[in-house]
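Undergrad: Sequence below, structure please.
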Amino acid sequence: MKPQSIRLRLHRAAALAGLARRITPHMLRHTAATLLMEMGVDIRIVQRLLGHSTIATTEIYTHVSDETLRLSLAKADVLGSFGSSVSVA
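TA: Next up, the predicted model:
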């Protein structure tokens with residue numbers, strides 16, 4: 001499949017979903033990296049899957065969701081109910 005065909009299909013799918021933001025195939029790399037990290041896959045594995053020579057590059061592709069942040073805060077909560085009262089910016 002040609003890159004232009006992938007872009008066209010992705011744009012059509014985004015339009016059907018009612019997404020106003022421009023969606024690109026490259027965004028799928030960010031999504032995949034983030035989902036793998038949220039599933040607990042070691043960052044070195046994600047690095048290799050994405051073909052990055054450094055973990056620093058892989059870190060650019062990973063993002064922390066609000067829910068993941070809340071769950072992490074709740075796990076680390078030693079003072080009680082800290083995670084539930086934190087607002088995520």
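Undergrad: Residue 35: how many residues sit nearby?
TA: Residues lying near residue 35 (other Cβ atoms under 10 Å) number 13. In this view, the C-beta of every residue, glycine as well, is placed from N, C-alpha and C.
Undergrad: Let me know the distance separating it from residue 4.
TA: As judged by Cβ to Cβ, to the nearest Å, residue 35 and residue 4 stand 26 Å apart.
Undergrad: residue nearest the centroid of this protein?
TA: In the chain, the residue lying closest to the centroid (Cα atoms, centre = their mean) is residue 34, at 2.8 Å.
Undergrad: what sits against that one?
TA: Residue 34 makes contact with 61, 62, 63, 65, according to Cβ atoms under 8 Å, 6 or more residues apart in numbering.
Undergrad: Surely the second one and residue 31 touch.
TA: If I follow you right, that is residue 62. No. Using Cβ atoms under 8 Å, residue 62 is not in contact with residue 31; the gap is 10.2 Å.
Undergrad: which one of the two has more residues nearby?
TA: Counted by other Cβ under 10 Å, residue 62 and residue 31 do not tie: residue 62 has more neighbours, with 17 against 11.
Undergrad: ok, that one to residue 73 distance?
TA: Applying Cβ to Cβ, the value for residue 62 to residue 73 is 18 Å.
Undergrad: cool, residue 32 as well?
TA: Taking Cβ to Cβ as the measure, residue 32 falls 25 Å from residue 73.
Undergrad: again, but for residue 28
TA: Applying Cβ to Cβ, the value for residue 28 to residue 73 is 28 Å.
Undergrad: From residue 69, how far off is residue 46?
TA: Here the distance between residue 46 and residue 69 works out to 19 Å (Cβ to Cβ).
Undergrad: more neighbours, those two?
TA: Each of residue 46 and residue 69 has its neighbours counted (other Cβ under 10 Å); residue 46 has more, 22 against 13.
Undergrad: Okay, residue 43 and residue 68: tell me how far apart.
TA: As judged by Cβ to Cβ, residue 43 and residue 68 stand 14 Å apart.
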